[in-house]
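**Student:** turn this into a model:
(one chain, ligands or ions: 1)
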Amino acid sequence: MRKSVHHDRISAQYQSVSSRYDLVKNLPYAFAERETLCAALPDLTGRSVLDVACGTGYYSRLFKRLGADRVVGVDIERSMVDCAREIEEEDPLGISYEVHDAAGLPVLGEFDVVTPIWAFVHAKDAAEYDGMVARCARNLAPGGTMVALVSNPDIDLERMTAYPRYGLSITPKEKHGDLQVITIGMDVDPPVSFDGFFWPAGITEAAMAKAGLTGIRRRPDLAPGHVDGVNPKGYWTEFVENPPFALYTAERP
Ligand SMILES: C[S@@+](CC[C@H](N)C(=O)[O-])C[C@H]1O[C@@H](n2cnc3c(N)ncnc32)[C@H](O)[C@@H]1O
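**Tutor:** Residues are numbered from 1 along each chain as shown. Below you'll find the predicted structure:
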């Protein structure tokens, strides 16, 4: 697989953190990510799932444990896939992993659910963003659901002072037109950091519509216990009001 300079850079930064990547899933912000995602997933019992940009397979394993019959994880970065495969070897769940660039993703099958989680944000430009969404959509069975997690297009970059409480820091860097480049720092030991991208409002919905998907919806950002007030009063308020991610679902007719 030939990668562009952009994807080489992205691969390199994930390569440097692959062996520690799963640690970030223990940070508070990841609890909110999981809560938001799980609330939007259809019932996975007996279903097939294609997890695009699966990284070390954290969510692929969750989907299998939630009852999915067949789970395939794909990622552009071989070292992330190698970590996922090692975990699969140690504790087999029946998940298979392949190295693929989402921008050139072939049709791997007709999946009931396709989950590009932090995938589209890595596109090098808007045309590639559209292309990634379209290629993911082509892997859906008729009636299948795409569940896509991307950066929050409405984020207020001035209002992130509370983020360290959730194990996260976001530092704005340069802008390329509408595309805001940021550095994300994750509070694990030793710290993990990589570049991220905030895309403009409307791009995900437009790309999904162009890919022929219907029922496109942005789902609410949630955090564990926030609504019921189980966590200390106000703990999640700033996160839920200005979350770093947005979750969209859509169906293939
Ligand atoms: C923030 S991690 C998310 C991993 C996983 N989805 C999760 O949430 O734990 C982003 C992943 O996207 C992968 N990635 C970046 N660009 C990609 C592309 N063009 N095609 C496939 N995977 C890509 C990276 O290698 C990395 O594993």
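
**Student:** okay, now H6: neighbour count?
**Tutor:** Neighbourhood size, H6 [other CB atoms under 10 Å]: 14. To be clear about C-beta, it is placed using only N, CA and C from the backbone, and glycine gets the same treatment.

**Student:** now it, nearest residue through space, not along the chain?
**Tutor:** Once flanking residues are discounted, H6 sits nearest to K124: 3.9 Å by CB to CB, 6 or more residues apart in numbering.

**Student:** thinking the one you found is in contact with R9, fair?
**Tutor:** No. At 9.7 Å, K124 does not count as touching R9 under the criterion of CB atoms under 8 Å.

**Student:** same drill for these two, tell me which one is more crowded.
**Tutor:** Using other CB under 10 Å as the criterion, K124 and R9 rank with K124 on top: 17 against 13.

**Student:** just say helix, strand or coil for that one.
**Tutor:** coil (DSSP: H, G, I helix; E, B strand; the rest coil).

**Student:** which residues are in contact with it?
**Tutor:** K124 makes contact with 4, 6-7, 103, according to CB atoms under 8 Å, 6 or more residues apart in numbering.

**Student:** within reach of the ligand, which of those residues are there?
**Tutor:** Contacts with the ligand within the contacts of K124, counted by CB under 6 Å from any ligand atom: 7, 103.

**Student:** among the contacts of K124, name the ones in strands.
**Tutor:** Members of these lying in strands (criterion: DSSP state E): none.

**Student:** now P28. Nearest residue, chain neighbours left out?
**Tutor:** Once flanking residues are discounted, P28 sits nearest to Y166: 4.4 Å by CB to CB, 6+ apart.

**Student:** in this structure, what residue is nearest the ligand?
**Tutor:** Distances between the chain and the ligand by CB to the nearest ligand atom are smallest at G55, namely 2.7 Å.

**Student:** list the contacts of that residue.
**Tutor:** 14, 21, 75, 77, 80, 84, 118.

**Student:** what's the closest non-adjacent residue to it?
**Tutor:** In space, G55 is closest to M80, 4.9 Å off (CB to CB, 6+ apart).

**Student:** what is the mean pLDDT for stretch 24-40?
**Tutor:** Averaged across stretch 24-40, pLDDT comes to 93.

**Student:** what do you get for stretch 186-197?
**Tutor:** Here the average pLDDT along stretch 186-197 is 88.

**Student:** ok now that stretch, how far from the chain's centre?
**Tutor:** Relative to its parent chain, stretch 186-197 has a centroid offset of 15 Å by CA atoms, centre = their mean, to the nearest Å.

**Student:** got the buried residues for the worst-scoring helix or strand of the chain on mean pLDDT?
**Tutor:** Every helix and strand of the chain was ranked by mean pLDDT, DSSP states H and E. The lowest is helix 5-15, at a mean of 77. With burial defined by 16 or more other CB atoms under 10 Å, the residues of helix 5-15 counted as buried are 7, 10-11, 14.

**Student:** and for it, what are the contacting residues?
**Tutor:** 3, 21, 55, 76-80, 101, 103, 122, 124, 194-195.

**Student:** can I get those in a markdown table including secondary structure?
**Tutor:** What follows is these, written out as a markdown table (three-state DSSP):
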| residue | secondary structure |
| --- | --- |
| K3 | coil |
| Y21 | helix |
| G55 | coil |
| I76 | coil |
| E77 | coil |
| R78 | helix |
| S79 | helix |
| M80 | helix |
| D101 | coil |
| A103 | helix |
| H122 | helix |
| K124 | coil |
| F194 | strand |
| D195 | strand |
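
**Student:** fine by me, thanks again.
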